[in-house]
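> Pasting the sequence and the predicted model now:
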Amino acid sequence: MRGWADKEKGEEPLNLSEQLMWWFVVAVALAMAVAFWWLVAVDETDLSEQHQYTAGPLVLFFALTVLIVLYALDRFYYFKLLRGAVHRATELEDELGYKMTATISQWVLPQHAASIITLLYFLPGIAGYVAMLTLIGLNPIIGDP
């Protein structure tokens, strides 16, 4: 993950907390895929009955995919745009003699802001993954077979 940052452009690699969150998301996603495969394998071995499953896991999977895409857009595009705007505002304020942007930047470090963005998407994402694994594990059947 360190390769995502271009140090020549002044970009910083993901900090340790972000790397841990990403690896946790990948581990949970793999567990979800294994659980879904297990559900399908168990259902295929039970050919005596036909089941109609709820669409909840599929809806949650789509929602979590959108959440991950929005996170990537926010963290790796809009956050860089914001940092560029702050950098330019700092330059302009230096010429005018103001220090508002510099003061805010001292209180909110870029690494902390990046971690907050990651956490903002991480918490609902994990809740969604847990809900999806619960739905897959409980294997809810709707209607009469």
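That came through, no problem.
> just checking, Tyr98 is part of a strand?
No. Counting by DSSP: H, G, I helix; E, B strand; the rest coil, one finds Tyr98 to be coil, located in no strand.
> Pull the number of nearby residues for it.
Neighbour count of Tyr98, defined by other C-beta atoms under 10 Å: 13. Bear in mind the C-beta positions are built from the backbone N, C-alpha and C, glycine included.
> continuing past the lowest-mean-pLDDT helix or strand in the chain, what's the next helix or strand?
Using mean pLDDT, DSSP states H and E, helix 16-45 stands out as the lowest-scoring helix or strand of the chain, at a mean of 71. The helix or strand immediately downstream of helix 16-45 is helix 56-73, counting by DSSP states H and E.
> so what secondary structure elements neighbour that next one?
Applying 3 or more C-beta pairs under 8 Å, 6 or more residues apart in numbering; DSSP states H and E, one finds that helix 56-73 contacts helix 16-45, helix 110-138.
> Also compute the angle for the least confident helix or strand of the chain relative to helix 56-73, please.
If you take axes from the mean of the first three to the mean of the last three C-alpha atoms, to 10 degrees, helix 16-45 sits at 160 degrees to helix 56-73.
> Tell me how far the closest residue to Leu119 other than its chain neighbours lies from Lys99.
Spatial nearest neighbour of Leu119, excluding adjacent residues (C-beta to C-beta, 6 or more residues apart in numbering): Met21 at 7.5 Å. Distance check for Met21 against Lys99: by C-beta to C-beta, to the nearest Å, it reads 34 Å.
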